[in-house]
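Peer 1: here is the input, now give the coordinates:
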Amino acid sequence: MDAIVKKLLKRNGVILVFALIAAISIYRAAQIVEESRREVNNIARINAELGAPVRTVQLKISSDFIKHPLSLRRGRAFVPQNVRDNLKVGMKVGNQKITSVSKNIDFNTGQFEVRVSGNLSGEFYAEEPMRGIFIPREAQSGGFVWIKDNGRAVRRKIKIAAQDADKILASSGIKEGELIIVSSTAALKDGDKVR
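Peer 2: Sure thing, here's the model as predicted:
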């Protein structure tokens, strides 16, 4: 009987050692997986160390048009004063030109009359040619833009000279050659690292 007990202890001891080694291996593998998950998916840590990824556009002086919408009916449009102030005789509208911009308000509409050569009807744009630094409209918020300067986000106030639905012409606050951040800027703070 002594021989049978010794044989069972020897066999169970080996099984116990194997079970202990297996448990330690499983525990360590779980720790490695958890550490890897933290390293790969911790976006806040990566952005703090390397900088948040942003999309930029290099600023340059160029010629472009600021477009003012006009609803024409038989060559006439009625516009509010803020639009009238930007319209000038000779501006291009479709394949025609503005022939007159009233300085007097039309009492029937409460707006100012604009006349175009030809008998156009429909939705058109009066194109105002301008030269300067144009930025995408979405890059600006409340008169401020974000500039990428030496790997950091810098908030900058700009003066808007003209704008339309797509773009803004800035008259001050930015200069040619700078990188303006055009991707989402809601989470940025002045001085944040960006890449």
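
Peer 1: give me the contacts around stretch 144-164.
Peer 2: 51-52, 54, 56, 66-68, 86, 128, 130, 132, 135, 137, 139-140, 143, 168-174, 178-181, 185, 188-195 (Cβ atoms under 8 Å, 6 or more residues apart in numbering). Every C-beta, even on glycine, is put in place using the N, C-alpha and C of the backbone.

Peer 1: now do the same end-to-end measure for stretch 111-128.
Peer 2: 20 Å (Cα to Cα, to the nearest Å).

Peer 1: quick check: beta-bridge partners of Asp72?
Peer 2: For the record, residue 72 is Leu, not Asp. Assessed by DSSP bridges, Leu72 has beta-bridge partners Gly122.

Peer 1: neighbours of it, how many?
Peer 2: Using other Cβ atoms under 10 Å as the criterion, Leu72 is surrounded by 22 other residues.

Peer 1: how about it, what does it touch?
Peer 2: Contacts of Leu72 by Cβ under 8 Å, 6+ apart are Val93, Val116, Leu120, Ser121, Gly122, Glu123, Phe124.

Peer 1: any chance of CSV for these, columns pLDDT, neighbour count and distance to Gln31?
Peer 2: Listed next are the contacts of Leu72 as CSV, based on pLDDT from 0 to 100; neighbours: other Cβ atoms under 10 Å; distance: Cβ to Cβ, whole Å:
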residue, pLDDT, neighbour count, distance to Gln31
Val93, 93, 23, 70
Val116, 95, 23, 75
Leu120, 89, 18, 74
Ser121, 92, 12, 74
Gly122, 93, 9, 69
Glu123, 94, 10, 65
Phe124, 93, 20, 67
